[in-house]
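> make a model of this:
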Amino acid sequence: MNMQEEVEGLAILIRDLRKFKNLTLGELAQRIDRSVGFVSQVERGLSRPTVADLTAISESLGVPTTYFYNLNKLRDVSWVTRPDERRTLYYAGGITDVLASPTIAGGFSMLDSHLQPGASSGEGHLNDSSEQGGFVLEGELTLWLDDGEAVTLRPNDSFQLPPHAKFRYANRTDKPTRVLWVFN
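Numbers count the residues shown, from 1 in each chain. The predicted structure is shown next:
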C-alpha cells in the first residue's frame with residue numbers, strides 16, 4: 001500500500017468506529033478537544049492526525065491505539081511479519097509508525113517509529129491506557145513525562161512508561177530518529 005491508501009484506510013477505520021459507537025462528528029471533536037472540521041478532514045483522509053490526536057481518538061472510542069493498525073495483509077507465516085506486509089500510519093508532525101508485530105491480538109505490539117528532524121507527538125500530552133516502552137535505535141528522542149523536564153535518549157537507551165502516563169515526545173535534532181516502541 002502507498003501512503004495515500006494507508007491514510008484513507010485510517011480514515012475509514014476512524015469514521016466506521018465513530019459511527020458504530022453512535023457518536024456525531026461534534027461529539028468526537030468535543031471529546032478530543034479539536035474542531036468538527038478537523039475530525040471531518042481526518043475521516044475523509046484529507047488531514048493526518050498527530051500521535052496525540054490518534055491517542056485521544058482511540059481513548060474516546062474505547063479502543064487501544066493499535067486498533068488502527070489492524071489491516072489484513074497476506075503473510076506466509078502467521079507469527080512472522082515481513083517489511084512489505086506491515087501496516088503503516090503516517091501522522092502529522094513528521095512521525096511514521098510501522099506495525100512490526102504480526103498481530104495486535106497478542107500480549108504486546110511493536111512499532112518501528114520514524115521521526116523526521118523536528119518531529120513531535122503533538123502539543124498535548126498523550127494519555128494512553130497501555131503500558132509502553134521503547135528502545136532508541138538511531139538518533140535522539142526527547143521525552144517529557146507529566147510536566148517534568150525533558151529527558152533525551154540516544155541509541156541503545158530505553159524507557160518504560162506505566163499505563164495512563166501523561167507524556168509527549170519529539171526529535172529535536174536535524175537528523176532522523178528511529179525507535180522500537182512496545183505496547184501491551
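
> check which element follows the longest helix belonging to the chain along the chain.
Ordering each helix of the chain by length in residues (DSSP state H) puts helix 3-20 first. Using DSSP states H and E, the helix or strand that directly follows helix 3-20 along the chain is helix 25-32.

> distance of the residue lying closest to R18 once chain neighbours are set aside from L13?
Computed as Cβ to Cβ, 6 or more residues apart in numbering, the closest residue to R18 that is not its neighbour in sequence is L28, at 5.4 Å. Heads up, the C-betas are built off the backbone N, CA and C, glycines and all. L28 sits at a distance of 13 Å from L13 (criterion: Cβ to Cβ, to the nearest Å).

> so between those two, which is more surrounded?
More neighbours surround L28 than the other of L28 and L13, with 24 against 19 (other Cβ atoms under 10 Å).

> can you pull the poorly scored residue ranges out of this structure?
For the chain, the stretches flagged by pLDDT under 70 are 1, 70-77, 105.

> which residue packs closest to the residue nearest the centre of it, ignoring adjacent ones?
Within the chain, one residue has its C-alpha closest to the average C-alpha position: by Cα atoms, centre = their mean, that is V51, at 4.7 Å. Nearest-residue entry for V51: S121, 4.0 Å, with adjacent residues in sequence omitted and distances by Cβ to Cβ, 6+ apart.

> would you agree the one you found is in contact with G94?
No. Assessed by Cβ atoms under 8 Å, S121 is found out of contact with G94, at 10.1 Å.

> between the two, who's got more neighbours?
Set S121 next to G94 and count neighbours by other Cβ under 10 Å: S121 wins out with 24 against 18.

> for that one, grab phi and psi.
In terms of degrees, to the nearest 10, the main-chain angles of S121 are phi -80, psi -10.
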